[in-house]
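> the following comprises the amino acid sequence and a computationally predicted model.
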Amino acid sequence: MIGADEQVLETFRAEREAIYRTLTARRRELGWSQADLGNRMGTSQSAVCEFERGKVEPRVDTLQRWAHALGYDLALLLDGGQRRVESASLLTAVAGYQRTLTGVLGALVRDHERIDAALTKLEHGAGRG
């Protein structure tokens, strides 16, 4: 019978290997060589090879760079999801929100100016009476 600590280690190893397989499959799907990925990560082809084979366990920051280079969010991979960060879609959405916010702020400024002008008019009108 496996002890609780051994079960946790086995689960961790299985999840780690699943992440490595997912990232390796994504690299291949993109048609990138290990050297291509290494360049995008700021590391060597041999380091990528060792990561993919599970020979070396990358630090968390390296794993984040690896996932991000392939369009994945590491937190989602760790949660068992494989949703890619669609940077183009994300940037488009952010730009859309920015335009919306700019429009809203512009409308608020115009409203403020109208209210300020109306208050000034009232103040001047009240001073005459």
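Thanks, I have it. Every value quoted in this text rests on a predicted model; they were computed, and no experiment measured them.
> secondary structure element for the residue nearest to Gly54 when sequence neighbours are not counted?
Among residues not flanking Gly54 along the chain, Tyr20 sits closest, at 5.8 Å (CB to CB, 6 or more residues apart in numbering). Where C-beta positions appear, they are placed from N, C-alpha and C, glycine not excepted. Applying DSSP states H and E as the criterion places Tyr20 in helix 4-30.
> what's the answer for Lys55, then?
Using DSSP H and E, no helix or strand contains Lys55.
> the residue lying closest to it once chain neighbours are set aside: how many residues sit nearby?
Distances taken as CB to CB, 6+ apart place Cys49 nearest to Lys55, at 8.0 Å, with adjacent residues excluded. Cys49: 15 surrounding residues under other CB atoms under 10 Å.
> before we move on, what about Ala117?
Neighbour count for Ala117, taken as other CB under 10 Å: 10.
> cool, and Leu37?
Neighbours of Leu37 under the rule other CB under 10 Å: 25.
> just the one 10 residues further on next, same as before
Around Ala47 there are 19 other residues, counting by other CB under 10 Å.
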